[in-house]
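Chemist: Any chance you could fold what I've pasted below:
(chains A and B)
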Amino acid sequence: MIAIVDYGMGNVASVKTAFERLGYEVIITDDPEQLRRASHLILPGVGSFQAAMEEIERRNLKELLQELAQVKPFLGICLGMQLLFTEGKEGGTTEGLALIPGTVERIDTPHILPHIGWNQLVISSDQPAFQSFQQKHVYFVHTFAAKTDPSYIVAKTNYGTEVTAIVRKGSIFGIQFHPEKSAEVGSEILQTFLKEVQ
Amino acid sequence: MIAKRIIPCLDVKDGKVVKGTNFVSLRELGDPVFMAKQYSESGADEIIFLDISATNEARNTIVEIVRDTARNVFVPFTVGGGVRTIDDVTRLLQAGADKVGMNSAAVANPDLITTAANRFGSQCIVVAIDAKKYPDGWHVMTHGGSKDTGIDAIEWAKEAESRGAGEILLTSVDTDGVKSGFDLPLTKAVVDVVRIPVIASGGVGHPDHFAEVFAHTDVSAGLAASIFHENTFSVEEVKRSCMEKGVNVREA
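Modeler: Alright, predicted model coming up:
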């Protein structure tokens, strides 16, 4: 059973549906026992980095998530992906879950922000499992993005500057765009994540 | 770079799509969720539902449609029409809409834009502007394009942005239904003064009209209803026309 971490940040019904479509049983919960029992953890989220970390701490989930990310497949989506990093720079500096080294900063681009819409993935050459998504369009909605070591980057996109789109450290994955809103390609990317962490 | 978006719009009245299409059987005709699914599977980059129900009771059905759409459609979708209060916005977003559109209510009470954007983020607040050309410029029209507010549409677009709108859905009352192409001067005038995405609407009669608006303005998306509903042209044909003319679109 896949558990979507419930910490009150945004509508997660679409993320739940996206995994159910792939044949998985999915629960949305903040109950430590259920999170421990889950096969995979999904951290979704929409909103601000600071508010999200405050809410995770208020629910006493920070240390639990850090612990579970070491022992089971973990996927952060959108804001949930940003929270995987060391710190966020949105509204001052806030400590993240620090599962992957890096910072989350406002995108430095001449184009309009937020970065909203269908943009193309540029897959890193050392990521064979994701090569079929080269140049595929996926749906982004964000203003901040992760800066991290290239060794963790699976995919980027171009928006007047390079924007981190998919990251991976072992069985911890982060997806900046919304796979649940990215039509068939989004669904295939979730399947690839599930296959890679088997 | 970000792809230009092709957006079919579905007019919903009392829970049913009111304009027909030929590509669905009679049984399925009028089911908004089914039609949204068809469009998303044929390459639509986004779907817009416009609720034109006349009564509050009928309008409640849109919430059910939104909930059902969120479970069955895997591209972003926007819901507009009859959005008057922050409670309306909340209800639609909680039901699973990605964005909510507001029109007349935002003109009557611009604070609605500010409140909604502060609470839910600009990315999900779309301000719809219906504009008509007058000797002194474009005016904002309400009540389905029939009532002149006297407000300058270009200034209103700027104000909507400063109040936190994340996107503008711009419909030309002059070209709407004429099928001779988008209103290029109006679209350009609005796109040039705001830093948020603009969706052009009104006037599509041929797939080439999309490539035309993308070539002449920096608009982010084009919307059409009847050419898709009447099955005159498909989303694929529109995208093919755009690709042939060098417009960056997501492959259908």
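Chemist: going forward, measure contacts and count neighbours with C-alpha atoms only.
Modeler: Fine.
Chemist: Quickly note the distance from B:Val190 to B:Gly145.
Modeler: Distance of B:Val190 to B:Gly145, computed by CA to CA, to the nearest Å: 18 Å.
Chemist: typo on my end, it should be A:Ser124
Modeler: Distance from A:Ser124 to B:Gly145, counting by CA to CA: 50 Å.
Chemist: And for B:Gly137?
Modeler: From B:Gly137 over to B:Gly145 the distance is 16 Å, taken as CA to CA.
Chemist: more neighbours, the two?
Modeler: Taking neighbours as other CA atoms under 10 Å in any protein chain shown, B:Gly137 and B:Gly145 compare with B:Gly145 leading, 17 against 14.
Chemist: show me where chain A has helices.
Modeler: Secondary structure of chain A, counting by DSSP state H: helices at A:13-21, A:32-37, A:49-58, A:62-69, A:79-82, A:183-196.
Chemist: Chain B is nearest to which of the ones you listed?
Modeler: Shortest distance between chain B and the helices of chain A, using CA to the nearest CA, is found for helix A:183-196: 4.9 Å.
Chemist: what angle do that closest one and helix A:13-21 make?
Modeler: Angle, helix A:183-196 to helix A:13-21, by axes from the mean of the first three to the mean of the last three CA atoms, to 10 degrees: 60 degrees.
Chemist: buried residues in helix A:183-196?
Modeler: Across helix A:183-196, burial judged by 16 or more other CA atoms under 10 Å in any protein chain shown covers A:Ala183, A:Val185, A:Gly186, A:Ser187, A:Glu188, A:Ile189, A:Leu190, A:Phe193, A:Leu194.
Chemist: Near chain B, list only the ones from those residues.
Modeler: By CA under 8 Å from any CA of the partner chain, the members of these lying near chain B are A:Ala183.
Chemist: Which of the buried residues of helix A:183-196 sits closest to B:Ser104?
Modeler: Nearest to B:Ser104 among these: A:Ala183, at 32.1 Å, using CA to CA.
Chemist: contacting residues around the closest one?
Modeler: The contact partners of A:Ala183, taken as CA atoms under 8 Å, 6 or more residues apart in numbering or on different chains, are B:Ser40, B:Glu41, B:Phe74, B:Val75.
Chemist: For A:Leu75, state which of those is nearest.
Modeler: Taking CA to CA as the measure, A:Leu75 lies nearest B:Phe74 of the contacts of A:Ala183, at 19.0 Å.
Chemist: what's the single longest helix in chain B?
Modeler: Max-length helix for chain B by DSSP H is helix B:56-72.
Chemist: So what are the sheet partners of the very next helix or strand once past that helix and their directions?
Modeler: Reading on from helix B:56-72 to the C-terminus, the next helix or strand found by DSSP states H and E is strand B:77-80. Its sheet considered, strand B:77-80 pairs with strand B:47-51 (parallel), strand B:99-102 (parallel) by DSSP bridges.
Chemist: CA-only coordinates of the following helix or strand past strand B:77-80 in CSV, if you can.
Modeler: Next in sequence after strand B:77-80, counting helices and strands by DSSP H and E, comes helix B:86-95. Presented in CSV, the C-alpha positions along helix B:86-95 are these (Å, rounded to 0.1, in the frame of the first residue of the first chain):
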residue,chain,number,x,y,z
ILE,B,86,-14.5,33.2,-1.8
ASP,B,87,-16.7,30.2,-0.7
ASP,B,88,-17.4,29.4,-4.4
VAL,B,89,-13.7,29.5,-5.1
THR,B,90,-12.9,27.3,-2.1
ARG,B,91,-15.6,24.8,-3.0
LEU,B,92,-14.4,24.3,-6.6
LEU,B,93,-10.7,24.0,-5.6
GLN,B,94,-11.5,21.5,-2.9
ALA,B,95,-13.5,19.5,-5.3
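Chemist: For helix B:86-95, enumerate the helices and strands it packs against.
Modeler: Helix B:86-95 sits against helix B:56-72, strand B:99-102, helix B:111-120, with contacts defined as 3 or more CA pairs under 8 Å, 6 or more residues apart in numbering or on different chains; DSSP states H and E.
Chemist: again, 7 Å this time
Modeler: With contacts defined as 3 or more CA pairs under 7 Å, 6 or more residues apart in numbering or on different chains; DSSP states H and E, helix B:86-95 has these neighbours: helix B:56-72.
Chemist: thinking again about what came up before, reformat the strands paired with strand B:77-80 as a markdown table; add mean neighbour count and mean pLDDT.
Modeler: A markdown table is the format used below for these (neighbours: other CA atoms under 10 Å in any protein chain shown; pLDDT from 0 to 100):
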| stretch | mean neighbour count | mean pLDDT |
| --- | --- | --- |
| strand B:47-51 | 23 | 95 |
| strand B:99-102 | 24 | 96 |
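Chemist: What ranges does the chain have for its strands?
Modeler: Looking at chain A here, since you left the chain open. A:2-5, A:26-29, A:40-43, A:74-77, A:85-88, A:94-95, A:100-106, A:115-120, A:122-123, A:137-142, A:144-148, A:153-158, A:162-169, A:172-175 (DSSP state E).
Chemist: actually it's chain B I care about, not the one you picked
Modeler: All strands of chain B, identified by DSSP E, fall at B:5-13, B:16-17, B:47-51, B:77-80, B:99-102, B:125-134, B:137-142, B:147-152, B:167-172, B:198-201, B:221-224.
Chemist: The longest one pairs with which strands, and in what direction?
Modeler: Within its sheet, strand B:125-134 is paired with strand B:99-102 (parallel), strand B:137-142 (antiparallel), strand B:167-172 (parallel), according to DSSP bridges.
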